[in-house]
Structure formats: C-alpha cells, structure tokens
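Visitor: just the structure for this:
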Amino acid sequence: MNKGNTMDKAPLFKKKPAARSMALFCVFALLFLLCISSIAIGTRDVSLQEVLGALQGQIDTMGEASVSMRIPRTLLAVIAGSALGLSGAIMQSITRNPLADPGILGVNVGAAFFVVIGLAWFGINQQQSYVWLAILGAGITAIFVYVISSLGYGKSTPLKFALAGAATSAALSSFTVAVVLPRNDIAGGVNSWQIGGVGGATFGSIQLVLPFLVLGILLSALVARKLNSLALGDDIAAGLGENVAWVRIIAWLSAVLLCGATTAICGPIGFVGLVVPHLCRLLVGVDNRWLLIFSALTGACLLLTADVLGRIISRPSELPVGVVTAFVGAPFFIWIARRQRVKEL
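Guide: Numbers count the residues shown, from 1 in each chain. Predicted structure coming up:
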C-alpha cells in the first residue's frame with residue numbers, strides 16, 4: 001500500500017474518544033466564529049450594535065438591513081457546505097476512491113444540466129421543480145459514470161472512475177453551453193448560477209431543499225457503520241452479514257440527494273467534497289461514524305471561509321464562492337493525484 005495515500009495515514013486522534021470529542025468541540029467553535037464573521041463581514045461595514053439589532057429582527061438602518069440579508073446567506077453556506085462535504089465522504093467510502101467528489105465525478109454538472117434543460121426547453125421556472133430535476137440529473141449521471149468506468153478490461157479502478165467522471169463532466173458542460181447559447185433571455189442568469197454561490201439566499205429557498213437534505217443526512221447516518229464493513233471489501237462485508245447491494249444503493253441515494261439538492265439552490269460548487277474528507281481522515285481516521293460527522297462540519301467551515309474571503313478579496317464587489325473553492329481545490333486535487341501511485345490506481 002502506498003504510504004503517501006492520505007486514506008491510509010494514521011489519524012491524529014485515533015482511538016482517543018476524549019481527543020475526538022475535543023476536536024469536535026473545536027470544529028463547532030470554529031463554525032460558530034465563522035458564522036459570526038459571515039454575518040458581520042461584507043461589502044458594507046457594520047457595527048456590533050447593528051449586528052445585534054439585525055439578529056433581533058430590526059432593519060431600521062442600512063447596516064441592519066445588510067446583516068439581515070447575510071443571515072440566510074450564512075445559513076445556506078452552512079447547509080450547502082455540510083451537504084457537499086458529507087456527500088464527498090460517502091462517495092469516497094463507497095468507491096474506495098480518494099479522487100471521488102461530486103464535482104470531479106460530474107454529478108454536480110449532471111444536476112445542473114438537467115436544471116438548464118428544464119428551464120430552456122420546458123419553461124420550468126419553479127424552484128421546487130429545480131430541486132427534483134437536479135436530483136434526477138445527479139442520480140442519472142452517477143449511474144452513467146459508474147457504468148462507463150466499469151466497461152473495458154478489468155474492474156472499475158479509481159483512475160478509470162475519475163477519468164469517466166471528468167469526461168462526463170466536460171461533455172455535459174459543453175451540452176449545457178449549447179443549450180444556453182441561443183437563449184439570450186436566460187443566458188445571463190444561468191451562467192451566473194453555474195459558477196456556484198450562496199448569494200441571494202432566502203429562507204424560502206432554503207426551506208425548499210431542507211427536506212431533501214435532511215433525508216440525505218438520515219440515510220447517511222443509517223449506513224455509516226455499514227460503510228466501515230464495505231471498506232474491508234465486498235466479500236468480507238457480505239460475510240459479516242451486510243447486504244452489500246442495498247448498502248451501496250442507500251449510500252448512493254444519500255449522496256445524490258445531498259449534492260443534487262445543493263446544486264439546485266447554489267449551482268455546481270466543486271472540490272468541497274474532495275478536500276474535506278481527506279482533511280477529516282487525517283484527524284479522525286476512516287471510521288465513518290466519526291468521518292461523516294466531521295466532514296459535514298468541516299465542509300460548512302470551508303464554504304463559509306470561502307464565502308467570507310470572496311467578499312474581502314474583491315471589495316466592493318464579490319467573488320463567487322465556487323471560484324474560491326476552485327482555487328483551493330484544484331491544487332489539492334493535483335496533490336492527491338501525485339501522492340497516489342498511478343499504477344495502483
């Protein structure tokens with residue numbers, strides 16, 4: 001086994017429940033501080049009094065109005081980051097592939113493609129419909145990538161899986177451009193949405209996707225322990241009494257719900273699901289009972305950080321969160337790929 005594989009490194013808090021609990025507390029504290037920063041930092045400077053007033057529902061001043069708009073944005077960043085981090089951890093656990101990620105495997109792009117098709121060809125303009133289209137697109141794309149990577153000589157390998165996902169993602173991105181190009185009436189909005197961001201969030205839009213995200217989280221909790229058995233290999237997992245096929249189906253459904261619903265409201269945001277699980281494995285190891293919890297919380301921290309940085313870097317305008325995560329995730333992807341032995345992939 002390659003010693004450079006981040007999925008095999010000894011975790012910092014291995015077999016230390018007290019230390020893991022302390023790490024969990026630290027991540028919660030960091031998330032809380034980032035939420036406060038997200039509410040307070042923006043293109044308009046606000047005072048502590050205005051922040052407190054906005055949290056109490058007051059919008060009498062421009063500062064309080066600005067803060068009141070940042071509250072649902074902050075909540076959406078937390079929810080979306082958690083969903084993407086969790087879905088990435090699930091995909092990597094199912095496939096035993098360190099390169100698995102909703103963006104790299106084309107799942108997010110597939111979700112976006114179906115939304116664009118519904119908007120451009122069928123005139124669907126209701127957000128509730130977008131959620132169903134995105135989940136359908138994410139599911140079909142995930143199945144397609146898995147089938148393509150399984151074709152040819154030998155079984156599906158991490159490299160074949162990543163290449164199939166990258167090719168599918170590129171093809172669907174091109175198809176999306178072809179669909180949008182002749183439609184000047186929707187081109188601007190679609191292109192802005194495809195970059196990926198949490199700006200313009202409302203409590204109403206969050207409520208639309210919340211049931212799907214909650215269902216995805218519950219399903220992931222249901223299979224967390226079972227994913228540990230799958231990590232030993234399908235034959236051993238079956239010998240331990242696990243129904244391997246059903247575990248995979250439930251886990252994939254969980255990941256599809258999480259990334260599909262997130263894409264519907266935020267657009268395709270990449271690399272969060274790649275970066276976060278690797279960082280969390282360095283902390284708590286490969287036990288999915290801990291890994292999934294930490295991936296959700298750390299994903300929220302990462303997306304909040306990216307959103308706050310996007311507001312600071314390009315003041316007085318804003319840099320979309322999808323661009324910031326790409327700056328972080330692309331080098332990390334290259335590093336992960338280089339740390340693997342290509343022949344073993």
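
Visitor: can you give me the buried ones in stretch 259-277?
Guide: Buried residues in stretch 259-277, defined by neighbour count with 16 or more other Cβ atoms under 10 Å: 259-277. Where C-beta positions appear, they are placed from N, C-alpha and C, glycine not excepted.

Visitor: go on, stretch 319-336?
Guide: For stretch 319-336, a neighbour-count test (16+ other Cβ under 10 Å) marks 319-326, 328-329, 333, 336 as buried.

Visitor: next: stretch 227-240.
Guide: Using 16+ other Cβ under 10 Å as the test for burial, stretch 227-240 gives 227-231, 237.

Visitor: make CSV out of the residues you listed and add secondary structure.
Guide: Listed next are those as CSV, based on DSSP: H, G, I helix; E, B strand; the rest coil:
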residue, secondary structure
Leu227, helix
Asn228, helix
Ser229, helix
Leu230, helix
Ala231, coil
Ala237, helix
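
Visitor: from the residues you listed, which single one is nearest Leu309?
Guide: Of all the buried residues of stretch 227-240, Leu309 sits closest to Leu227, with 32.3 Å by Cβ to Cβ.

Visitor: could you export the buried residues of stretch 319-336 as JSON lines, including secondary structure, distance to Val46 and pLDDT?
Guide: Formatted as JSON lines, the entries for the buried residues of stretch 319-336 read as follows, by DSSP: H, G, I helix; E, B strand; the rest coil; distance: Cβ to Cβ, whole Å; pLDDT from 0 to 100:
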{"residue": "Leu319", "secondary structure": "coil", "distance to Val46": "20", "pLDDT": "86"}
{"residue": "Pro320", "secondary structure": "coil", "distance to Val46": "22", "pLDDT": "87"}
{"residue": "Val321", "secondary structure": "helix", "distance to Val46": "20", "pLDDT": "91"}
{"residue": "Gly322", "secondary structure": "helix", "distance to Val46": "25", "pLDDT": "88"}
{"residue": "Val323", "secondary structure": "helix", "distance to Val46": "25", "pLDDT": "89"}
{"residue": "Val324", "secondary structure": "helix", "distance to Val46": "22", "pLDDT": "91"}
{"residue": "Thr325", "secondary structure": "helix", "distance to Val46": "25", "pLDDT": "90"}
{"residue": "Ala326", "secondary structure": "helix", "distance to Val46": "29", "pLDDT": "86"}
{"residue": "Val328", "secondary structure": "helix", "distance to Val46": "27", "pLDDT": "80"}
{"residue": "Gly329", "secondary structure": "helix", "distance to Val46": "30", "pLDDT": "78"}
{"residue": "Phe333", "secondary structure": "helix", "distance to Val46": "36", "pLDDT": "71"}
{"residue": "Ile336", "secondary structure": "helix", "distance to Val46": "39", "pLDDT": "70"}
